[in-house]
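>>> attaching a predicted model along with its sequence, questions to come.
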Amino acid sequence: STEGTAFPAPLYGAMARVFVYGTLKQGQPNYGHMLDTAKGIARFQGRGRTVERYPLVIAGKYNIPYMLNIPGTGHRVAGEIYAVDEQMLQFLDEFEGCPAMYQRTRMSIEVLEWEGKSGRSVMECFVYSTSTYQPEWVELPYLDSYDSSGQHGLAYVLRESRE
């Protein structure tokens, strides 16, 4: 029984809440990983956006979306909230190159839609952002929502297609 057990804020029962804003969202190039039960469980719960503003950029030769951990700069970033089990969280840590490339930190997310219903609330979620970015990335255009096939023309390069 989990009764009386104090879980850290982003945990929901034995599940962690993760906010994804890039290639793992529905309709984006890496979304298939979220459906792959061999990697663990990821249950879509809703949509939201960061309470604070952050720079969301597309950077590097593979056009990877990065949320730079510079609160107060950029836009409130849109994304999706998932409940994930420990196995999926470990997979995501590896997939995101955590902690070298991205770091998993807690952020306040304003919930805009929850399990199909609209309504506003704020919850803590784990988010993969980066403090280990290249200095020139700060000069790139800041997005508020990521789409690999967006008008920016910077389509994400899947790992299996990289040189």
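Okay, I see it. Numbering: from 1, shown residues only.
>>> next up, the contacts around the residue nearest in space to the middle of the chain.
The centroid of the chain falls nearest to residue 20 when counting by CA atoms, centre = their mean (2.3 Å). Contacts were defined as CB atoms under 8 Å, 6 or more residues apart in numbering; by that measure residue 20 touches 34, 79-80, 82, 128. C-beta here means a position set from N, CA and C on the backbone, and glycine is covered the same way.
>>> try residue 87
The contact partners of residue 87, by CB under 8 Å, 6+ apart, come to 39-41.
>>> again, only using 10 Å
Taking CB atoms under 10 Å, 6 or more residues apart in numbering as the contact definition, residue 87 lies against 37-42.
>>> just the element for it, please.
Residue 87 is part of helix 86-95 when elements are defined by DSSP states H and E.
>>> show me what the helix or strand that that helix is followed by is packed against.
Counting by DSSP H and E, the next helix or strand C-terminal to helix 86-95 is strand 103-114. Contact partners of strand 103-114 among helices and strands, from 3 or more CB pairs under 10 Å, 6 or more residues apart in numbering; DSSP states H and E: strand 15-20, strand 42-50, strand 78-84, helix 86-95, strand 117-129.
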